[in-house]
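Participant: Turn this into a model:
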Amino acid sequence: MFEFTTIGVGRFTRFSNPEPRDPQETLQMHDQVTDTPAQARTETQAGAVARPNPFALIGWRMAFATAGLAILTGLAPQAGAQTLLNVSYDPTRELYREFNEAFAKHWVAEGHVAPTIEASHGGSGAQARSVIEGLDAQVVTLALASDINAIAEKSGKIPADWQSKLPHNALPYTSTIVFLVRDGNPKGLKDWDDLVQDGVQVITPNPKTSGGARWNYLAAWAWAEKNGQDPKDFVGKLYRNVPVLDTGARGSTTTFAQRGLGDVLLAWENEAYLALEELGEDKFDIVVPSVSILAEPPVALVDPARLGLGLTVFVEIEAIDHSPQWREAFARAVTALPEVVEVHRMAGDVDYLLKVVMPDMAAFDGFYKRLTSALALKNVTSQFAMECIKSTTAYPVKHDRPVTPQARRSAELRAGKGKPVAYRRGGSSWPRCVLVPRLAEASPSWRRRRLRSGRRLSSPPTGCCQVRPLGRQCGR
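Facilitator: Below is the predicted model of the structure:
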């Protein structure tokens, strides 16, 4: 699923004798602070060492699929522009490369012209500043809610209530922070306190530009609080062991995995598994610390009015012909018009209803002339929207219908009612935020995959797979 072809070396910042700050100061970006609740912390047994396993990889794929459904629906109204730009944080390159292809196929299958989808990647804070300073994007998918809040307050390109516009408070998937160490863990790094020892080099991005770095900072701070240490002093010691600070997570992965610098990389979980999968399982191990953080990267849609598309028109059309040939010709004509974002065939007094977005009346006049000259129509009536009172991409899935046992179980998992199960074998424990439903059979390929704790762990129990409840923390 993943490719490592787009990895690049970021700019390095020399770092010495840092002055650690309070977590709120560290998260402060563009005068915004991300509130990270205490219950967002995830605890595991210290020093659990893992090799690539189907649990995490499948969990991420399922998370990506669910995230895709939310973003697809939100992007659809803007896809009429034919060119979409997603401004995202650093380690999502592989995700959105695959997701963009899925969205293009979905959009074409809906009868629209295939859009051109572009993506911009970098440190989350730096990406937020780019959007504030003028980078035009249709969707932003950053590492922290504070970065999106900054865009909303400083540029107005995103509405203040952006989290209510998408399902699950615009948090379609979750992740966490793990340690990536070299094969065999030569320095025996098992938990956060091992990272402040003399002679240990820690690789992490710059918290001023990288969202992942700020999650790293908070996870370390949480461990110090939980273990009775002065968090400010502990974080200061940790950062004094950081030789360089890259601007983003992908740059830090390059520094550690390809340049060979450092003894441990503080990484997004998916970035760590990507390094194992693409650079070799015999080169690195993943260490699960005793305390980590439940990271919830958000998604937001840019206000079309801020893109110069402030006029919304509903166009009612009466057909002059009702033959199959005319309907096909009409469908081809309207889908070729980029201003049309929705087309509905109606029952009643009108035959079709079009939703059209454009900059102003002059632009609509040009659209009207192109529409009426493309095909003979009996009547065209236009109605102009004065105010959008409600706009959401969340479908009302809760309605009366027979509920199957499978649907009931899925609903329980989404609501966080499944029993949390920690998979323990040979001293290893996976985070308790993982819900493990029992399935009829495990794939034979799963049984062939093996995990490591120390050197070797037996295969996972038959009938287990990892499901991460999306947009919320699971029950524990």
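Participant: Name the nearest residue to Arg214, sequence neighbours excluded.
Facilitator: The spatially closest residue to Arg214, leaving aside those adjacent along the chain, is Pro207, at 4.9 Å (CB to CB, 6 or more residues apart in numbering). From N, CA and C alone the C-beta is placed, and that goes for glycine too.
Participant: Just give me the neighbour total for the one you found.
Facilitator: Pro207 has 24 neighbours, counted by other CB atoms under 10 Å.
Participant: Equivalent analysis for Ala374, please.
Facilitator: 15.
Participant: picking that back up, which residues sit in contact with the residue nearest to Arg214?
Facilitator: Residues near Pro207 by CB atoms under 8 Å, 6 or more residues apart in numbering: Thr26, Ala213, Arg214, Asn216, Tyr217.
Participant: Pretty sure the fourth one sits against Val264.
Facilitator: This means Asn216. No: counting by CB atoms under 8 Å, Asn216 stays clear of Val264, with 11.2 Å between them.
Participant: Comparing these two, which residue is more hemmed in?
Facilitator: The neighbour comparison of Asn216 against Val264 (other CB under 10 Å) goes to Asn216, with 27 against 22.
Participant: check contacts around that one.
Facilitator: Ile177, Thr204, Pro205, Pro207, Leu266.
Participant: which stretches of the stretch 151-300 of the chain have low pLDDT?
Facilitator: Residue ranges of the stretch 151-300 of the chain with pLDDT under 70: none are present.
Participant: repeat for the stretch 351-476 of the chain
Facilitator: Judged by pLDDT under 70, the stretches of the stretch 351-476 of the chain that qualify are 392-476.
Participant: how many neighbours does Ala362 have?
Facilitator: Neighbour tally, Ala362, other CB under 10 Å: 10.
Participant: ugh, typo on my part, it should be Lys378
Facilitator: Per other CB under 10 Å, the neighbour tally for Lys378 reads 11.
Participant: Also Gly280?
Facilitator: Gly280: 11 neighbours (other CB under 10 Å).
Participant: Tell me how far it lies from Ala102.
Facilitator: Relative to Ala102, Gly280 is positioned 28 Å away (CB to CB, to the nearest Å).
Participant: what do you get for Val140?
Facilitator: Val140 sits 19 Å away from Ala102, going by CB to CB.
Participant: Same drill for those two, tell me which one is more crowded.
Facilitator: Val140 (28 against 14).
Participant: beta partners for the more buried one?
Facilitator: Val87, Ala300 (DSSP bridges).
Participant: so who does it touch?
Facilitator: Taking CB under 8 Å, 6+ apart, one finds Asn86, Val87, Ser88, Gln127, Ala128, Val131, Ile148, Ile151, Ile158, Val299, Ala300, Val302 in contact with Val140.
Participant: 10 Å - rerun?
Facilitator: 85-89, 120, 124, 127-128, 130-131, 147-148, 151, 157-158, 162, 298-302 (CB atoms under 10 Å, 6 or more residues apart in numbering).
Participant: Got a PyMOL select line for the buried ones in these?
Facilitator: Command for PyMOL, covering only those of the contacts of Val140 found buried under the criterion 16 or more other CB atoms under 10 Å:
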select buried, resi 85+86+87+88+89+124+127+128+130+131+147+148+151+157+158+162+298+299+300+301+302
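Participant: Give me the subset of the contacts of Val140 lying in helices.
Facilitator: Ser124, Gln127, Ala128, Ser130, Val131, Asp147, Ile148, Ile151 (DSSP state H).
Participant: Show me the two of those residues that sit farthest apart.
Facilitator: Between any two of these, the greatest separation by CB to CB is 13.1 Å, found for Ser130 and Ile148.
Participant: how does this structure divide into domains?
Facilitator: Domain segmentation of the chain under automatic domain parsing yields 63-173+299-303, 310-384.
Participant: For Thr254, which of the ones you listed is the nearest?
Facilitator: domain 63-173+299-303 (10.5 Å).
Participant: before we move on, back to that, which SS state does the residue nearest to Arg214 fall under?
Facilitator: Under DSSP: H, G, I helix; E, B strand; the rest coil, the three-state class of Pro207 is coil.
Participant: List phi and psi for it.
Facilitator: phi -60, psi -20 (degrees, to the nearest 10).
Participant: Return the distance of it relative to Glu316.
Facilitator: From Pro207 to Glu316 the distance is 53 Å (CB to CB).
Participant: Thr209 too?
Facilitator: Applying CB to CB, the value for Thr209 to Glu316 is 50 Å.
Participant: So between those two, which is more surrounded?
Facilitator: Thr209 (26 against 17).
Participant: list the contacts for the residue nearest to the more buried one when sequence neighbours are not counted?
Facilitator: In space, and not counting its chain neighbours, Thr209 is closest to Gly123: 3.8 Å by CB to CB, 6+ apart. Gly123 makes contact with 10, 89-90, 129, 142-143, 147, 205-213, 246-251 under the criterion CB under 10 Å, 6+ apart.
Participant: Report the buried members of the residues you listed.
Facilitator: 10, 89-90, 129, 142-143, 147, 205-207, 209-213, 246-251.
Participant: quick revisit: just the pLDDT at the residue nearest to Thr209, thanks.
Facilitator: Listed pLDDT for Gly123 reads 85.
Participant: For it, give me phi and psi.
Facilitator: Torsion angles, degrees, to the nearest 10, at Gly123: phi -60, psi 140.
Participant: Against Ala213, how distant is it?
Facilitator: For Gly123, the distance to Ala213 - CB to CB - is 8 Å.
Participant: Common neighbours of those two, please.
Facilitator: Here Gly123 and Ala213 have Asp90, Ala143, Pro205, Asn206, Pro207, Asp246, Thr247, Gly248, Ala249 as joint contacts, going by CB under 10 Å, 6+ apart.
Participant: Kindly reformat those as TSV containing distance to Asp193.
Facilitator: Below are the shared contacts of Gly123 and Ala213 laid out as TSV (distance: CB to CB, whole Å):
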residue	distance to Asp193
Asp90	28
Ala143	26
Pro205	22
Asn206	23
Pro207	20
Asp246	24
Thr247	28
Gly248	27
Ala249	23
